[in-house]
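Enquirer: my questions are about this predicted structure, shown below with the sequence.
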Amino acid sequence: MKKALFSFAILAVAAAMVSCGNKSAQNTENQDSVAVAAEPEEVPVQDQKEIASDIYVIKVPEGWKARSRMVNNSCNLGLGEAPFTTAALNVEKSESLDKFKETRAKENCKALDNVTVNGREFVVYEGENQNGEPFVAAATPMGEGHFRATLYSGACQMKKDEIKAALTANLQTILENVSFK
């Protein structure tokens, strides 16, 4: 009798575990499908029309494509025509604007005229990277740090002076599409 009672108790516990397991599995499945349905679809990176951080927003200009999402107040955009420009935007919280200028001077960059866009003044420099490829960088103070936009060219058949002029024009377009919060 004890063996039969013990066997019956084991079967009852096993049946209870199986039925509870199925119910919670079903509940989990239902919850997952509800959660997935509630989440908005993520826009592919290249289809983003604006990229935002807690400090600034960049509206992707016509002809440009986002190349990254916003990560730690940094993002990249690209222009798919000569001189195939990449714009790298960043907030450098630990480097002052004076330090930015000092670094550009050490890199033998040429200071260009400051530009004012949307009420903010930007210092602007042009230079060449270690491979001799031109870049243009602009910065404006942000608290203890600065906001920076650096534009690089890709490979193209243009002369360096033409590339620098195009980068400077592209810089203006990028800065016009940045708004600060």
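Expert: Structure's in. What do you need? Numbers count the residues shown, from 1 in each chain.
Enquirer: and His135, bridged to which residues?
Expert: Quick fix: residue 135 reads Phe, not His. Gly127, Tyr152 (DSSP bridges).
Enquirer: distance check, it against Lys160.
Expert: Look at Phe135 and Lys160: by C-beta to C-beta, to the nearest Å, they are 11 Å apart. For every residue, glycine as well, the C-beta is placed using N, CA and C.
Enquirer: quick check: neighbours shared by those two?
Expert: Counting by C-beta atoms under 8 Å, 6 or more residues apart in numbering, the shared contacts of Phe135 and Lys160 are Glu128.
Enquirer: higher neighbour count, those two?
Expert: The neighbour comparison of Phe135 against Lys160 (other C-beta atoms under 10 Å) goes to Phe135, with 22 against 13.
Enquirer: check contacts around that one.
Expert: Per C-beta under 8 Å, 6+ apart, neighbours of Phe135: Glu126, Gly127, Glu128, Asn129, Thr150, Leu151, Tyr152, Ser153, Leu167.
Enquirer: quick one: contacts for Val124?
Expert: Taking C-beta under 8 Å, 6+ apart as the definition, contacts of Val124 comprise Ala111, Leu112, Asp113, Asn114, Val115, Val136, Ala137, Ala138, Thr168, Leu171.
Enquirer: all helices for the protein, in order.
Expert: For the chain, the helices defined by DSSP state H occupy 2-38, 97-106, 160-176.
Enquirer: would you single out the least confident of the ones you listed?
Expert: Here the lowest mean pLDDT among the helices of the chain goes to helix 2-38, at a mean of 46.
Enquirer: please consider this matter closed, and thank you.
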